[in-house]
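Trainee: For reference, the sequence and a predicted model appear below.
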Amino acid sequence: MLNMLLVLKEAGDMQMVDSRIIQKIHTLVVETGVRTVPEIRRHVDVYIKQIFEGQQLPSRPNRRFYPSDKDIRNHINSALVSMQ
């Protein structure tokens, strides 16, 4: 059972960020000028609650909906490059 949980956790670590979350990050950076990871995370958390309104929220280790700080930084940089 423990091995199964470790495999599931590792699979969650390998997931790509959901395209809706990526688009939200890009929108926040380009249209509103948000540039910090904590601020993006707050906005993404609210957005996830809107997406899953009336449903069970995905678990926190699920990187598809809860990207790591590094993922967020990468998407901020990508949005900044696309603005140039």
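Mentor: Yep, it's here.
Trainee: what about Tyr47, distance to Met16?
Mentor: 17 Å (Cβ to Cβ, to the nearest Å). Yep, even glycine has a C-beta here, placed from its N, CA and C like the rest.
Trainee: neighbour-wise, which of those two wins?
Mentor: Using other Cβ atoms under 10 Å as the criterion, Tyr47 and Met16 rank with Tyr47 on top: 18 against 11.
Trainee: so which strand or helix has the more buried one?
Mentor: Assessed by DSSP states H and E, Tyr47 sits inside helix 37-51.
Trainee: Likewise for Lys24?
Mentor: helix 19-27.
Trainee: Excluding sequence neighbours, find me the nearest residue to His43.
Mentor: Leu28 (5.5 Å; Cβ to Cβ, 6 or more residues apart in numbering).
Trainee: Surely that neighbour touches Val37?
Mentor: No: assessed by Cβ atoms under 8 Å, Leu28 is found out of contact with Val37, at 11.4 Å.
Trainee: Show residues contacting stretch 77-84.
Mentor: 25-26, 29-30 (Cβ atoms under 8 Å, 6 or more residues apart in numbering).
Trainee: As CSV, those residues with pLDDT and distance to Arg64 would be great.
Mentor: Listed next are those as CSV, based on pLDDT from 0 to 100; distance: Cβ to Cβ, whole Å:
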residue, pLDDT, distance to Arg64
Ile25, 98, 14
His26, 97, 17
Val29, 97, 20
Val30, 96, 22
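Trainee: List only buried entries from these.
Mentor: Among the contacts of stretch 77-84, those that count as buried by neighbour count (16 or more other Cβ atoms under 10 Å) are 25-26, 29.
Trainee: Name the nearest residue to the most centrally placed residue in the chain, ignoring sequence neighbours.
Mentor: Geometric centre of the chain, nearest residue: Pro67, 3.5 Å, by Cα atoms, centre = their mean. Counting by Cβ to Cβ, 6+ apart, Val17 is the residue found nearest to Pro67 once chain neighbours are left out, at 4.7 Å.
Trainee: Cheers, nothing more for now.
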